[in-house]
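Novice: turn this into a structure:
(one chain, ligands or ions: 1)
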Amino acid sequence: MLYFTLFLGIFITIWAVLTISSAWTQANVWIVPLGVVCVAIGALMEALRHDHAKRVIQNQKRPLVLPAGDRARIVQEGFLSMLLAACFIVLGLILLTLQGMAFFSNGLDQNPFVQVRPDHALPKLELSGSRAPSTHVYSKEFSFTEDWFTYNIPIWEQALMPYKGKPRLRYLEIGVFEGRSFFWMLENILTDPTSSAVAMDIFTGEFRNRYYANLKLSGCEHRVTTITGYSQTELRNQQLESFDIIYVDGSHKAGNVLEDAVLCLRLLKHGGVLIFDDAKWTGWKKVESPENNPRPAIDIFYAFYGKQFETIHNGYQVMLRKK
Ligand SMILES: C[S@@+](CC[C@H](N)C(=O)[O-])C[C@H]1O[C@@H](n2cnc3c(N)ncnc32)[C@H](O)[C@@H]1O
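Specialist: Modelled structure (predicted):
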């Protein structure tokens, strides 16, 4: 059991070091197969040691030097160690193959346009929650024609709960439309009277009037700043590191999403949350080019700036917390 215990110890030490270091997030997918391989090596070495001992006994000129019971034990232990090693090796190989397949397909299946190196891809981390549209989630009779938001509520509640009711929160939403997500934030997270929100949209079309009617109904006009214009220009007029939560849901063209994301990185406070919508939107299949899809932008943004963030959620939406 000497080598077996030794390698088990090595594996547990590696595990412990990775758990308390920042390398854990990238390494955790490999840790179980790695553990199995460590244990297999230990068991194999143990089997070889017994095999060697057995051969020494057999080659002895005077085999009776060792009691028969001891010889039988050595042979039996050698066989058991060999069996253990074989099981762990097979298990290790299966796990490594499965893990490797999952690891290398991570991100690539979603994004036909940009192939991000696996170690620069968003980690697989999904908060659980049903994606069913919710009704009766507003205290007022707002007027909405589209619902692109309420099925995200279970995830938003979990991720944004630490902010609920906090004073002096600042929220920015890019792409407000009629305000379905915007007014949910005001009613559920920005509940302290000192908290405020910025609504940014090009506001072209019918929905502009509906947004303003909803704003009036919300009774929060004094806490809301409405900015009409393209986010790619308007974001440049905002104060750096001044927002606690930013929701990027404006233009869905990859170039615009990337520009929004890079500008928002500077506008977000440390500890603030950046949310992208439609990270798994399949719109690119319907339109002529993946340039019209947020996904490549989110992947590129994360590949370049991901180290400045902790991933909270990587599902249909992506939520990142600035370190
Ligand atoms: C999907 S809707 C937003 C939905 C809204 N967040 C909700 O959950 O109800 C996208 C919005 O982005 C706006 N938009 C599109 N391109 C934009 C841009 N470059 N800058 C600012 N807003 C933009 C559109 O006018 C539209 O209202």
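
Novice: would you say residue 139 is within a strand?
Specialist: No. Counting by DSSP: H, G, I helix; E, B strand; the rest coil, residue 139 is located in no strand; its state is coil.

Novice: residues of the stretch 151-300 of the chain that sit close to the ligand?
Specialist: Listed as neighbours of the ligand in the stretch 151-300 of the chain under the rule C-beta under 6 Å from any ligand atom: 174-177, 180-181, 200-202, 230-232, 249-251, 256. No exception for glycine: its C-beta is placed from N, CA and C like everyone else's.

Novice: got a quick PyMOL command for the buried subset of the residues you listed?
Specialist: Buried members of those, defined by 16 or more other C-beta atoms under 10 Å, are picked up in PyMOL with:
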select buried, resi 174+175+176+177+180+181+200+201+230+231+232+249+250+251+256
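
Novice: among the residues of the stretch 151-300 of the chain next to the ligand, which ones are in strands?
Specialist: Among these, the members found in strands (DSSP state E) are 174, 200-201.

Novice: need the contact list for the residue nearest to the spatial centre of the chain.
Specialist: Centroid check for the chain by C-alpha atoms, centre = their mean gives residue 125 as the closest residue, at 3.5 Å. Going by C-beta atoms under 8 Å, 6 or more residues apart in numbering, residue 125 touches 311-314.

Novice: again, but for residue 258
Specialist: 297, 300-301.

Novice: residue 17 and the ligand, how far apart?
Specialist: 43 Å (C-beta to the nearest ligand atom, to the nearest Å).

Novice: now the element after the helix or strand harbouring that residue, going C-ward?
Specialist: Under DSSP states H and E, the secondary-structure element containing residue 17 is helix 2-20. Under the assignment DSSP H and E, the closest C-terminal helix or strand after helix 2-20 is helix 24-59.

Novice: who are the packing partners of that following helix?
Specialist: Other helices and strands packing on helix 24-59, by 3 or more C-beta pairs under 8 Å, 6 or more residues apart in numbering; DSSP states H and E, are helix 2-20, helix 68-105.
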